[in-house]
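Peer 1: Predicted model and sequence below, questions to follow.
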Amino acid sequence: MLADVVDDLRCPVCTGPLALRDRDLRCAAGHAFDIARQGYANLLPGSARPGTADTPGMVTARAEFLGAGHYAALTDALAVRLAGARRVLDAGAGTGHYLAAVLSGDATGIALDVSKYAARRAARAHPRAGAVVADLWRPLPVRDASMDAVLNVFAPRNAAEFRRVLRPDGALHTVTPGPGHLAPLIADLGLLSVDADKTARTDARLAGHFTLDARTTLQAAARLTHAEIATLVGMGPNAHHIDADELRRRVAKLTDPYEVPLAFVLSVHR
Ligand SMILES: C[S@@+](CC[C@H](N)C(=O)[O-])C[C@H]1O[C@@H](n2cnc3c(N)ncnc32)[C@H](O)[C@@H]1O
Ligand SMILES: [Zn+2]
């Protein structure tokens, strides 16, 4: 709930502390931010919205796909790695699936995402997680040196802001797609391909603020039904690129179930 994390948040306008009231979060200067009925706070000042927010359909598909456990190997690995972190920021949290899995003991977590549909889900992902709508490309509404860990799974990265909100001994945990991730499916369906240099580009972005501390590639596989393949496609950018009927035709040509390799690059930067 927001009450668990309000002390780690800050006003996105003046950077002052925020107090939790009945229907909003408010700073001493009077800047107020609504708390939605579903429990998340909108900390996006002004009306500009980046076009990269996940749509309702993408969020529903993501919740369904992750809830079915297809990426459980990744979820479990992250839970082990972040077990000691008492304060966690999930930057680009989506449904809050991974944040919920990494909060152990009395740890609290902030699920930050620019999509209000994602924030709605994330607000009920875990009892000690608070969800906020915010833009990763702007100064984050999170206090300086307040976080033990920043988690970033398949989402945009703002190195300077991640550095600012982390404690000096804190760590940034990123997940990027590894070589071969979903490769046969991408080829068979003619999907947008995963950027092969994603991990290298991530490193370049973080340089100057972080140095790489550890990196492993986690290999796994998923057996997917045709319906699950449609859900997987629906949670990504391909949802906008292929017509639904055409996708159905292409999926119908695959074996059912269809086994697909997964590869996740887990990196720790300090
Ligand atoms: C591929 S999804 C990953 C979500 C989650 N980490 C997961 O793996 O399930 C990318 C997420 O980043 C969010 N996002 C995109 N641009 C953003 C931005 N500028 N600021 C904050 N979140 C953003 C999207 O709304 C979406 O939820
Ligand atoms: Zn303020």
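Peer 2: The structure has been received and is ready for your questions. Ligands and ions are numbered 1, 2, ... in the order given.
Peer 1: OK, contacts around the residue most central in space within the chain?
Peer 2: Computing the C-alpha centroid of the chain and ranking residues by CA atoms, centre = their mean puts Ala93 first, at 2.7 Å. When contacts are counted by CB atoms under 8 Å, 6 or more residues apart in numbering, Ala93 touches Leu99, Ala111, Leu112, Asp113, Ala118, Ala122, Ala131, Leu151, Ala155. Where you see a C-beta, it was placed from the backbone N, CA and C, and this is true even at glycine.
Peer 1: please redo it, this time with the cut-off set to 7 Å
Peer 2: Leu99, Ala111, Leu112, Asp113, Ala118, Ala122 (CB atoms under 7 Å, 6 or more residues apart in numbering).
Peer 1: How about the first one, nearest residue that isn't a chain neighbour?
Peer 2: On the basis of CB to CB, 6 or more residues apart in numbering, the spatially nearest residue to Leu99 that is not a chain neighbour turns out to be Asp90, at 4.0 Å.
Peer 1: which helices and strands sit right next to the strand or helix carrying that neighbour?
Peer 2: Per DSSP states H and E, Asp90 falls inside strand 87-91. Here strand 87-91 touches helix 97-102, strand 108-113, strand 147-153, going by 3 or more CB pairs under 7 Å, 6 or more residues apart in numbering; DSSP states H and E.
Peer 1: May I see the contacts of Ala93 organised as JSON lines, with pLDDT, neighbour count and distance to Pro184 added?
Peer 2: Below are the contacts of Ala93 laid out as JSON lines (pLDDT from 0 to 100; neighbours: other CB atoms under 10 Å; distance: CB to CB, whole Å):
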{"residue": "Leu99", "pLDDT": "98", "neighbour count": "28", "distance to Pro184": "30"}
{"residue": "Ala111", "pLDDT": "98", "neighbour count": "32", "distance to Pro184": "32"}
{"residue": "Leu112", "pLDDT": "98", "neighbour count": "29", "distance to Pro184": "34"}
{"residue": "Asp113", "pLDDT": "98", "neighbour count": "29", "distance to Pro184": "30"}
{"residue": "Ala118", "pLDDT": "98", "neighbour count": "28", "distance to Pro184": "29"}
{"residue": "Ala122", "pLDDT": "98", "neighbour count": "32", "distance to Pro184": "31"}
